[in-house]
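A.B. asks: Below are the sequence and a predicted model; questions follow.
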Amino acid sequence: MARPNAVGFPDVIPALLQTDAYIRAVLRRYGHTGPDLETGVEARLARNALFTRRSGPALTFYIHENALNAMVGDSTVMNEQLIQLQLASSPPHCQIHVVPATAEESGDGREFSVFFQHEGNQPVFHVDAFTASLFLEEDRVIAYHREFLRHLPTAALDRDQSRNWIVNRTSELEQNTPWQRAAACRGVHATDRHGAFRNGKTLPPGN
């Protein structure tokens, strides 16, 4: 299977990498409430499960720095979302690259995926929005975004640099979470709550 590329610009994490709380916060931003909100969350989580399983497709994500710095929901939502990115980037089939805000490649504000040619089939261009998805096979559309993706690797941080960037951003956010502010009075590190990452390594709770 050819490796497709998912690109998120400029203000949200790619849909396949979003946590439950992050999805809820974004959908609420677009006016979804009640049963409509729950349906949207369930649909996205079901799709995400296809990617996170061991046999999931190989994907390369280019995530703009703006999306990682944006406050979606609150600091707790963003902290947990960034921890999820660290976890998601561990398997070899998932590569996450941060595109610095200083990079010239800035996209056009949409998230898109280009599924490259596989077994002789025509490449497919996919635009993902919160109200609809669009699939196109026009040669000019594929050519435009293929050229755009060709320049992204030179503009983005490499895999290790991106992981370190996300770890550092997570640490910054942890200082602003309600749990961290309370824990500071007790001398407890915020990552002990998650049993997640410290210095880029997975740790059990309490270490």
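C.D. replies: Structure received. Numbering: from 1, shown residues only.
A.B. asks: all contacts plus neighbour counts: C-alpha atoms, from now on.
C.D. replies: Will do.
A.B. asks: Residue 151: neighbour count?
C.D. replies: Counted with other CA atoms under 10 Å, the neighbours of residue 151 add up to 12.
A.B. asks: And the average pLDDT for whichever strand or helix holds it is what?
C.D. replies: Element membership of residue 151, judged by DSSP states H and E, is helix 139-155. Helix 139-155 shows an average pLDDT of 80 in the prediction.
A.B. asks: Quick one: low-confidence residue ranges for this protein.
C.D. replies: 1-10, 54-56, 104-121, 129-132, 177-207 (pLDDT under 70).
A.B. asks: go again using 80 as the cut-off
C.D. replies: 1-11, 50-58, 103-137, 142, 145-150, 176-207 (pLDDT under 80).
A.B. asks: In it, mark out all the strands, start to finish.
C.D. replies: Assigned by DSSP state E, the strands in the chain fall at 5-8, 59-64, 94-99, 111-115, 124-128, 133-136, 197-198, 201-202.
A.B. asks: Just the CA atoms of the longest helix seen in the chain, as PDB, please.
C.D. replies: Using DSSP state H to define each element, the chain has its longest helix at helix 34-52. The C-alpha trace of helix 34-52 is given here as PDB (Å, rounded to 0.1, in the frame of the first residue of the first chain):
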ATOM      1  CA  GLY A  34     -26.800  17.300  22.100                       C
ATOM      2  CA  PRO A  35     -27.400  14.100  20.000                       C
ATOM      3  CA  ASP A  36     -25.800  15.700  17.000                       C
ATOM      4  CA  LEU A  37     -22.600  16.200  19.000                       C
ATOM      5  CA  GLU A  38     -22.600  12.600  20.300                       C
ATOM      6  CA  THR A  39     -23.200  11.300  16.800                       C
ATOM      7  CA  GLY A  40     -20.200  13.300  15.400                       C
ATOM      8  CA  VAL A  41     -17.900  12.100  18.200                       C
ATOM      9  CA  GLU A  42     -18.900   8.500  17.800                       C
ATOM     10  CA  ALA A  43     -18.400   8.600  14.000                       C
ATOM     11  CA  ARG A  44     -14.900  10.100  14.300                       C
ATOM     12  CA  LEU A  45     -13.800   7.800  17.000                       C
ATOM     13  CA  ALA A  46     -14.900   4.800  15.000                       C
ATOM     14  CA  ARG A  47     -12.900   6.000  12.000                       C
ATOM     15  CA  ASN A  48      -9.900   6.700  14.200                       C
ATOM     16  CA  ALA A  49     -10.000   3.100  15.500                       C
ATOM     17  CA  LEU A  50      -9.300   1.800  12.000                       C
ATOM     18  CA  PHE A  51      -6.100   3.700  12.000                       C
ATOM     19  CA  THR A  52      -4.900   2.900  15.500                       C
END
